[in-house]
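1. Sequence first, then the predicted structure, then my questions.
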Amino acid sequence: MIGLVCDWLGAALVVAGLFVFVGAAAGLLRFPDFYTRMHAAGKGDTLCSLLIVLGVVVHTLGAADWDHFQWGHVLTPLKLLLICAFIMISSPVSTHALMDAGYDDGIKPVIGEGGDALGEDGVAPGAGDGTGGKGGA
Amino acid sequence: MGFHMAAGVILLLLMIPAVYRIVAGPTPIDRAVGVNVIGTKTAVLLVLIGAVFQRVDMFVDFALAYGLLNFIGSVAAARYLHRTREHALAEDAIGGEEGA
């Protein structure tokens, strides 16, 4: 009974993760500029990984033979949760590092009707003019 | 075909847009983003493969190591592609001399 519930819950989590990754892949494919693609890739990637690994955690907990207890039954889900925690830390950090590198390389965003919130004339300060954000100094 | 096998195949197919972004990405950092996405998904795929073979206890270590290496690779690529402030200032100084 509990195994069946764990199977279905794990399957639901994995399917939810795949659904999120469909969105991330579509964004990576279709979005117009670097920053929006980064947005889709960063968030969708993190959430998809978390959901799928959590689904496997639930599946592993349900598949274990609890009448004959072994430490591996607890240790493997713990390691999977460790992967979850690590992805939750490392994926935003690498996304931020890549975004920072792109911004300092002077990649210009596609500016809509609302204008550029970061700089004037669509040039972010220190990005396109090569002054390193120091203006006329 | 079991459920986890199907999920892994779907995940693999969904990596194709990231490969397209690596091949066609207009800037080098777009390519780095694609590599980062594929690396994270490969770690997840290793966990799913472990579920397929019912040996998650073995594959979880591979996934953990792969995730660590992928993180180091992404940050190293970001640092390499970073146009540093000093570099930008030096280029600006050279441009100023040419202008004068």
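-> Arrived safely. Numbers count the residues shown, from 1 in each chain, chains lettered A, B, ... in the order given.

2. give me the low-pLDDT residue ranges for chain A?
-> Scanning chain A for pLDDT under 70 picks out A:114-137.

3. That one: helices as residue ranges?
-> Secondary structure of chain A (DSSP state H): helices located at A:2-30, A:34-63, A:72-104.

4. at contact distance from chain B, anything in the last one?
-> Yes - legend: contact between helix A:72-104 and chain B by CB under 8 Å from any CB of the partner chain is shown at A:72, A:75-76, A:79-80, A:82-83, A:86-87, A:90-91, A:93-95, A:97-98, A:100-102, A:104. The C-beta positions use only the backbone N, C-alpha and C, and glycine is treated the same way.

5. contacting residues for the residue most central in space within chain A?
-> Of all residues in chain A, the one closest to the mean position by CA atoms, centre = their mean is A:Thr46, 2.3 Å from it. A:Thr46 is in contact with A:87-88, A:91-92, A:95, B:40, counting by CB atoms under 8 Å, 6 or more residues apart in numbering or on different chains.

6. now do 10 Å
-> By CB atoms under 10 Å, 6 or more residues apart in numbering or on different chains, the contact set of A:Thr46 is A:20, A:24, A:87-92, A:95, B:40.

7. Could I have the buried ones of those as ChimeraX selection syntax?
-> Filtering these down to the buried ones (16 or more other CB atoms under 10 Å in any protein chain shown) takes a single ChimeraX command:
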select /A:20,24,87,90,91,95 /B:40
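
8. could the contacts of A:Thr46 go into CSV alongside distance to A:Asp7?
-> What follows is the contacts of A:Thr46, written out as CSV (distance: CB to CB, whole Å):
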residue, distance to A:Asp7
A:Val20, 21
A:Ala24, 26
A:Ile87, 23
A:Met88, 25
A:Ile89, 30
A:Ser90, 30
A:Ser91, 28
A:Pro92, 31
A:Thr95, 33
B:Thr40, 25
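
9. Among the contacts of A:Thr46, which one sits closest to B:Met1?
-> A:Val20 (22.3 Å; CB to CB).

10. Let's see the PyMOL selection covering just the buried ones among the residues of helix A:72-104 next to chain B.
-> In PyMOL syntax, the buried subset of the residues of helix A:72-104 next to chain B is picked out as below (16+ other CB under 10 Å):
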select buried, chain A and resi 76+79+80+83+86+87+90+91+94+95+97+98+101+102+104
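
11. For stretch B:15-28, what is the distance to the chain centroid?
-> On the basis of CA atoms, centre = their mean, to the nearest Å, stretch B:15-28 sits 11 Å off its chain's mean C-alpha point.

12. buried sites along it?
-> B:15, B:17-18, B:21-22, B:25.

13. Show residues contacting that stretch.
-> Under CB under 10 Å, 6+ apart, the answer for stretch B:15-28 is A:21-22, A:24-30, A:33-34, A:37, A:41, A:45, A:101-102, A:105, A:107, B:30-42, B:45, B:77, B:80-81.
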